[in-house]
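Peer 1: this one's structure only:
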């Protein structure tokens, strides 16, 4: 494969296009199968070779950019500590620290890929969070209640209120109360206006077929999409209020 085709193929992979779809697109671009001197297996071999050029696997990775850190200063009083994802080729647990902004939208404060779910790892993770957020301590942390997380929170944030997430409370009620009518109403009360898809930040955008480099790239695209939604909400709320004020002023003049 030429360097140009290899670069095009790798860019398509980063966008989530499958190998078979990429091959079909390149065949169409070349003008037919007779003009392509490589096959799907050659492509897979080249992909494997390109991925081998990435430096060795890191142990624990934590990242948070400037926008996320500014968001944390504004909305970081209550944070969700979600360590339930395993959405990459190496099954490294993905940890997401998230919250809610002024539009009731999900925002991501920080993210990490870790090799295990031990108390020591979580302690390291929470300390990295505090370093990135200039030592601003949240008032409440919400998570699934795993003992390792509880121990880490107790060690790093001794004064912070620790609460179980709604999903775990619903699962607990469902498994311990044998009354479908009650559990159905309990679920509605817990979630209120929220829908389950709102909380699936990652599942539709990344998957186990990605290596760690591709995984981070896809995840960052998801974060960018969340920020784009916030930008739109800010625009609509600002200009919507301005239009309403202009309408009221015009109505008063006319009357």
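Peer 2: Looks like it arrived, so ask away. Values in this document were obtained by computation on a predicted structure and should not be read as measured data. Numbering: from 1, shown residues only.
Peer 1: what about residue 46, helix or strand, and which?
Peer 2: In the assignment (DSSP states H and E), residue 46 maps to helix 40-52.
Peer 1: Which neighbours in the sheet does whatever helix or strand comes next after that helix have, and how are they oriented?
Peer 2: Downstream of helix 40-52, the first helix or strand assigned by DSSP H and E is strand 61-63. Paired neighbours of strand 61-63 in the sheet (DSSP bridges): strand 106-113 (antiparallel).
Peer 1: before we move on, back to that, which strands or helices does the helix holding residue 46 pack on?
Peer 2: Judged by 3 or more Cβ pairs under 8 Å, 6 or more residues apart in numbering; DSSP states H and E, helix 40-52 is in contact with helix 3-14, helix 19-30. Any C-beta I mention is one placed from the backbone N, CA and C, and that applies to glycine too.
Peer 1: Buried residues, that helix. List them.
Peer 2: 43, 46, 47 (16 or more other Cβ atoms under 10 Å).
Peer 1: Just checking the distance from it to the centre of its chain.
Peer 2: 28 Å (Cα atoms, centre = their mean, to the nearest Å).
Peer 1: residues in contact with it?
Peer 2: 1, 6, 9, 10, 13, 19, 20, 22, 23, 211, 213 (Cβ atoms under 8 Å, 6 or more residues apart in numbering).
Peer 1: and these as JSON lines, adding neighbour count?
Peer 2: Shown next, in JSON lines, are the contacts of helix 40-52 (neighbours: other Cβ atoms under 10 Å):
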{"residue": "1", "neighbour count": "16"}
{"residue": "6", "neighbour count": "15"}
{"residue": "9", "neighbour count": "21"}
{"residue": "10", "neighbour count": "16"}
{"residue": "13", "neighbour count": "20"}
{"residue": "19", "neighbour count": "16"}
{"residue": "20", "neighbour count": "10"}
{"residue": "22", "neighbour count": "21"}
{"residue": "23", "neighbour count": "19"}
{"residue": "211", "neighbour count": "14"}
{"residue": "213", "neighbour count": "13"}
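Peer 1: mean confidence for stretch 8-19?
Peer 2: Mean pLDDT, computed over stretch 8-19, is 85.
Peer 1: actually stretch 231-245, sorry about that
Peer 2: 74.
Peer 1: before we move on, what about stretch 64-78?
Peer 2: 94.
Peer 1: Just the buried residues of it, please?
Peer 2: For stretch 64-78, a neighbour-count test (16+ other Cβ under 10 Å) marks 64, 68, 69, 71, 72, 75, 76 as buried.
Peer 1: So which of these are in helices?
Peer 2: 68, 69, 71, 72, 75 (DSSP state H).
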